[in-house]
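Asker: Next comes the sequence, and after it the predicted model I'd like to discuss.
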There are 2 protein chains.
Amino acid sequence: MKIQLALDRMTLSEAKSIVEEVHDYIDIIEVGTSLIKDYGKKSIQFIRSEFKDKVILADIKTCDEGEYEFKAAYEAGADIATVMGNSPIETIKICYEVSKKYKKHIMIDLMETDDSKIETIKTYEDAILFVHLPKDSENKSLIDMFQSKKQLYKDINRLAVGGGINEKIIVDIEVINPEIVVVGSLITKSKNAAYTAKRICEKLQSGR
Amino acid sequence: MKIQLALDRMTLSEAKSIVEEVHDYIDIIEVGTSLIKDYGKKSIQFIRSEFKDKVILADIKTCDEGEYEFKAAYEAGADIATVMGNSPIETIKICYEVSKKYKKHIMIDLMETDDSKIETIKTYEDAILFVHLPKDSENKSLIDMFQSKKQLYKDINRLAVGGGINEKIIVDIEVINPEIVVVGSLITKSKNAAYTAKRICEKLQSGR
């Protein structure tokens, strides 16, 4: 199980500091949507130049103009770029094709994506499918949501989960056993980010 | 009828030049999603500082984190910010509340939004509802799409239309009679942007 650290609502220099602190305990650095909308693709270029050894995900949340946005993200240094699962299927297809052309990865965010669309999306075998709770609905439980859609999610090849991850949920996540767990404020807002990241890392150790 | 000029896939200095050329024929300057994802909120601040007399729309296409993104857009100088209609209803509600708090406007992009959700969205009376074709599906006709959903769209209070607008469609748009027509590459890729913008402006004159 890989840990993806989501960097959001901070300056680029704060982002750099946090990654330096937790570097050894994370696998993927996520340049969050807020960093991209605040600083543009410079945010991806900056994180790429500072952390050459890490996998970088650009959470660009593409809704349209798939070719332009995916090319821009990869050329700025991202290894993985994201598209919304509730975008037009033409957009998702274009993003997938660009990911193949660049020999990079695609993550499809399943937020508010209907079940029949997810069935189609599941045919993109090597795409990473991201099941999460939106920030604006944090009162819901990830595990409850996951259990209610067990049949739909069970044969996803590359699964990522996230959204409101806390230490209590971390234990339950072993049941889901995704390829990637996305953790944000639990680490970035911790008083001791390195200690928290190390703890999460240890808790997930068995699945790594 | 107002003309909204969408600025996409260009540098900020190119954006400035084009707006200067067509300034007298447009009502709203759209800082396009590509400008925001390429340059961050600096793109909104730049256009705001250059064109103090114009209404500025930031096409931030919020999918989540409504409060953070809408505040950032308004504080950067936008008069209107956009949220995706297919986002969680909680997100749309938060964006709407932020727009009220800042005494600014909200545009809800109805791309890939199902009919029952649109019925809910229509209850936000002073929100601008944007009916358009995504860039990645330009072979479809805006008018055909509009006609097929006539019942759904007919009582929208503030309507914007756009996507693949060309001079031929402009004539048909008078039938739809929206508050705002969003025009992008027809003007920005024209060899004579001022001439094209003037022509469109004249064609829509009767509805202005």
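Answerer: Received the coordinates, thanks. Residues are numbered from 1 along each chain as shown, chains lettered A, B, ... in the order given.

Asker: where are the low-confidence patches of chain A?
Answerer: Scanning chain A for pLDDT under 70 picks out A:133-142, A:206-208.

Asker: show me where it has helices.
Answerer: A:12-22, A:33-39, A:42-50, A:66-75, A:89-101, A:115-121, A:142-148, A:150-153, A:167-176, A:185-188, A:193-204 (DSSP state H).

Asker: got these as TSV, with mean neighbour count columns?
Answerer: Yep, even glycine has a C-beta here, placed from its N, CA and C like the rest. Output for these, formatted as TSV (neighbours: other Cβ atoms under 10 Å in any protein chain shown):
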stretch	mean neighbour count
helix A:12-22	17
helix A:33-39	24
helix A:42-50	19
helix A:66-75	22
helix A:89-101	19
helix A:115-121	14
helix A:142-148	15
helix A:150-153	13
helix A:167-176	14
helix A:185-188	20
helix A:193-204	18
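
Asker: How about whatever residue of chain A ends up closest to chain B, nearest residue that isn't a chain neighbour?
Answerer: Using Cβ to the nearest Cβ, the closest approach of chain A to chain B is made by residue A:40 at 3.6 Å. Distance criterion Cβ to Cβ, 6 or more residues apart in numbering or on different chains; nearest residue to residue A:40, sequence neighbours excluded, is residue B:40 at 3.6 Å.

Asker: can I assume that neighbour is in contact with residue A:36?
Answerer: Yes. Residue B:40 lies in contact with residue A:36 (Cβ atoms under 8 Å); the separation is 7.4 Å.

Asker: list residues touching both of these two?
Answerer: Common contact partners of residue B:40 and residue A:36 (Cβ atoms under 8 Å, 6 or more residues apart in numbering or on different chains): residue A:43.

Asker: Contacts only, for the most centrally placed residue in chain A.
Answerer: Centroid-nearest residue in chain A, with Cα atoms, centre = their mean: residue A:182, separated by 5.6 Å. By Cβ under 8 Å, 6+ apart, the contact list for residue A:182 reads A:4, A:6, A:30, A:130, A:132, A:160-163, A:165.

Asker: could you redo the last one with a cut-off of 6 Å?
Answerer: Residues in contact with residue A:182 (Cβ atoms under 6 Å, 6 or more residues apart in numbering or on different chains) are A:4, A:6, A:162.

Asker: Which residues in the lengthiest strand in chain A does the neighbour count mark as buried?
Answerer: Longest strand of chain A, by residue count under DSSP state E: strand A:55-62. Applying a neighbour-count criterion of 16 or more other Cβ atoms under 10 Å in any protein chain shown, one finds A:55-62 buried in strand A:55-62.
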